[in-house]
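Q: I'll drop the sequence and a predicted model, then ask my questions.
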Amino acid sequence: MRNITRLAALLTMMLFALLATGAPAAVAQDEATPPESGSKSNVFDDLGQLEGLHTVIARDFSVDYEAIYSSMATPEVDEEFIDPELPQGLQYMGAAIFHFENDDNASNAYDLLTEDLTEQSAANGIDYEEIEVEDFGDNTIALKAEEGDETYGTTTLVVIITQQDEYLYLGTGTALEDDPTDSVTELVSHVKDADAGDGDGEFHADGTSQGGLWDKFPTVDDDLIPEGLIVTDSQLYPETTPESGS
């Protein structure tokens, strides 16, 4: 069965894995379908190919599936199991900031990423519709797809990519029996419009990163973020592997 997990904190690197695996988060025990042999790789396979790229950081918010499944009475979940406590509504929401040397680099990256989005979604049979979102510039694409399942209902996926000056902002969200469009739009608008803090910032994988571009993200306690979601930060480029929580 196709499924969607909380992306293991790697919002941007896992975007197309998310597109390939579809719906819904309720079946996180399933394995994602591997790419076909000989299939074209996408930009997210090697972010260093993006000219003038300085850094990519991401913050994601999700239902705590680990806690849900650890509370189950049985050690294994078969395909027929339905967790009665699985919440409907927003399951996952995240944003990434790409910082480039200049506007031209960011604009070129926007073209590459949106081309990849189109090609990868078509290759994986994802039927997107383009949707309108307000308060973004000309270099903006917003797409929505729905995946129906007779057991779990309908999962809706929304992806927004927008460029502003030397930055690209990417947001995604999924919701079970709900539409995450407004939530993702508000998140991307917040990140785009917020001021960066001083210095380069300090990265903490537990979602408490601060300073520099990290200050553009909302915290888990922000009014934008529904109660009950957990937060994770990722530094995707250049890559780093800090000690847990530091």
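A: Ah, there it is.

Q: identify each buried residue in stretch 54-64, please.
A: T55, V56, I57, A58, R59, D60, F61, S62, V63 (16 or more other Cβ atoms under 10 Å). Placement of C-beta: from N, CA and C, glycine included.

Q: would you mind measuring from the third one to D165?
A: Okay, so that is I57. According to Cβ to Cβ, to the nearest Å, I57 and D165 sit 17 Å apart.

Q: output the helix ranked longest in the chain in PDB, but only the C-alpha positions, please.
A: Longest helix of the chain, by residue count under DSSP state H: helix 103-123. Coordinates of the C-alpha atoms in helix 103-123 are reproduced here as PDB (Å, rounded to 0.1, in the frame of the first residue of the first chain):
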ATOM      1  CA  ASP A 103      18.600  36.600  -7.600                       C
ATOM      2  CA  ASP A 104      19.700  35.000 -10.900                       C
ATOM      3  CA  ASN A 105      20.900  31.900  -9.100                       C
ATOM      4  CA  ALA A 106      17.600  31.700  -7.200                       C
ATOM      5  CA  SER A 107      15.500  32.200 -10.300                       C
ATOM      6  CA  ASN A 108      17.500  29.500 -12.200                       C
ATOM      7  CA  ALA A 109      17.000  27.100  -9.300                       C
ATOM      8  CA  TYR A 110      13.300  27.800  -9.300                       C
ATOM      9  CA  ASP A 111      13.100  26.800 -12.900                       C
ATOM     10  CA  LEU A 112      15.000  23.500 -12.200                       C
ATOM     11  CA  LEU A 113      12.900  22.600  -9.100                       C
ATOM     12  CA  THR A 114       9.600  23.300 -10.800                       C
ATOM     13  CA  GLU A 115      10.600  21.300 -13.800                       C
ATOM     14  CA  ASP A 116      11.600  18.400 -11.600                       C
ATOM     15  CA  LEU A 117       8.400  18.700  -9.700                       C
ATOM     16  CA  THR A 118       6.400  18.300 -12.900                       C
ATOM     17  CA  GLU A 119       8.500  15.400 -14.200                       C
ATOM     18  CA  GLN A 120       8.700  13.500 -11.000                       C
ATOM     19  CA  SER A 121       5.000  13.800 -10.200                       C
ATOM     20  CA  ALA A 122       4.100  12.600 -13.700                       C
ATOM     21  CA  ALA A 123       6.600   9.700 -13.500                       C
END
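
Q: for that helix, which positions count as buried?
A: N105, A106, S107, A109, Y110, L113, T114, D116, L117, Q120, S121, A123.

Q: could you look up the next helix or strand downstream of it?
A: Using DSSP states H and E, the next helix or strand after helix 103-123 towards the C-terminus is strand 129-130.

Q: which neighbours does that following strand have in its sheet, and in what orientation?
A: Counting by DSSP bridges, the strands paired with strand 129-130 are strand 140-149 (antiparallel).

Q: mind listing what's buried in the strand it pairs with?
A: Buried residues in strand 140-149 (16+ other Cβ under 10 Å): T140, I141, A142, L143, K144, A145, E147, D149.

Q: so where do the helices sit in the chain?
A: 15-21, 65-70, 103-123, 181-193.

Q: indicate which one of the ones you listed is closest to G199.
A: Set against G199 and scored by Cβ to Cβ, the helices of the chain come closest in helix 181-193, at 18.4 Å.

Q: any idea of the angle that closest one forms with strand 140-149?
A: 150 degrees (axes from the mean of the first three to the mean of the last three Cα atoms, to 10 degrees).

Q: in the chain, which helix or strand is least confident?
A: For the chain, counting by mean pLDDT, DSSP states H and E, helix 15-21 ranks last in confidence among helices and strands (a mean of 38).

Q: now Q88: how far from V63?
A: Distance, Q88 to V63, by Cβ to Cβ: 10 Å.
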